[in-house]
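Novice: Kindly generate the corresponding structure for this input.
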Amino acid sequence: QPDKLARTAIDALGGMKRFVKKGDNVIIKPNIGPSIRNWEFAASTNPWVVGTIVKICLEAGAGRVRVMDRPFGGAPENNYSRSGIKEQVEAAGGEMEIMPRFKFASTDIPQGKDIKKWDIYEDIFKADVLINIPVAKQHGAARLTLGLKNMMGVIGSPQMFHLNLHQRIADLATRVRPTLTIIDAIRILVANGPTGGNMQDVRFTDTLIAGTDPVALDSYATRLF
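Specialist: Residues are numbered from 1 along each chain as shown. The predicted structure follows:
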């Protein structure tokens, strides 16, 4: 019951009104995997979790809730639909947004150790609330992809980012700071990530990990692996 889990997690943090005020512009960033996989393979965030968070934001008074990612391996429209997220978001009253290239703007990262500037989706900084909802999964280059790495979906030139991946993920975290992070670990991908494709690599843990400190959440989520 992912919808019940999502509400329980948010209630445990004090309710969504702690984060979302009346009229707020909210952006939700899930992990939307390639169009050849659906949510069952734990390659994408559970669509019912995303849909429920959209509902809770609107119930808290949000004026607008957009859901977006920059998926690899196919056209975003196909990935959005195949993941199941588009259907649940729109049913909940939210919007799916395709991220156009012209909205990625060169952004200073003053606390970065390896990178001091990178193209970042400018609407991320205009939103009143940014909610990060990654799925917990194994990753060939990063070992795991959780909350911090999920923010790579808001940057330009992700291939170049991999040149010093671990430090650059840390650098990005100093500039892009979600209001709230909810790690979807209802199904986790324990091998052959990030795309998966074999149900034998999927483990059912029926867990959501929610909070305001993505480093603490990522640290805790490693226990699941």
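Novice: CA atoms for contacts and neighbours, from now on please.
Specialist: Fine.
Novice: For the one residue sitting closest to the centre of the chain, give me its contacts.
Specialist: Geometric centre of the chain, nearest residue: residue 30, 3.0 Å, by CA atoms, centre = their mean. Taking CA atoms under 8 Å, 6 or more residues apart in numbering, we find residue 30 in contact with 44-45, 50, 67-69, 132-135, 150.
Novice: Kindly report the same for residue 7.
Specialist: 52-53, 56.
Novice: Would you check how far apart it and residue 114 are?
Specialist: The gap separating residue 7 from residue 114 is 38 Å, by CA to CA, to the nearest Å.
Novice: List the contacts of residue 60.
Specialist: 16-17, 20-22.
Novice: can I get these in JSON lines with neighbour count, pLDDT and distance to residue 182?
Specialist: JSON lines is the format used below for these (neighbours: other CA atoms under 10 Å; pLDDT from 0 to 100; distance: CA to CA, whole Å):
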{"residue": "16", "neighbour count": "20", "pLDDT": "98", "distance to residue 182": "12"}
{"residue": "17", "neighbour count": "16", "pLDDT": "98", "distance to residue 182": "16"}
{"residue": "20", "neighbour count": "23", "pLDDT": "98", "distance to residue 182": "15"}
{"residue": "21", "neighbour count": "18", "pLDDT": "98", "distance to residue 182": "19"}
{"residue": "22", "neighbour count": "14", "pLDDT": "98", "distance to residue 182": "21"}
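Novice: max-length helix in the chain?
Specialist: Identified as the longest helix of the chain according to DSSP state H is helix 47-59.
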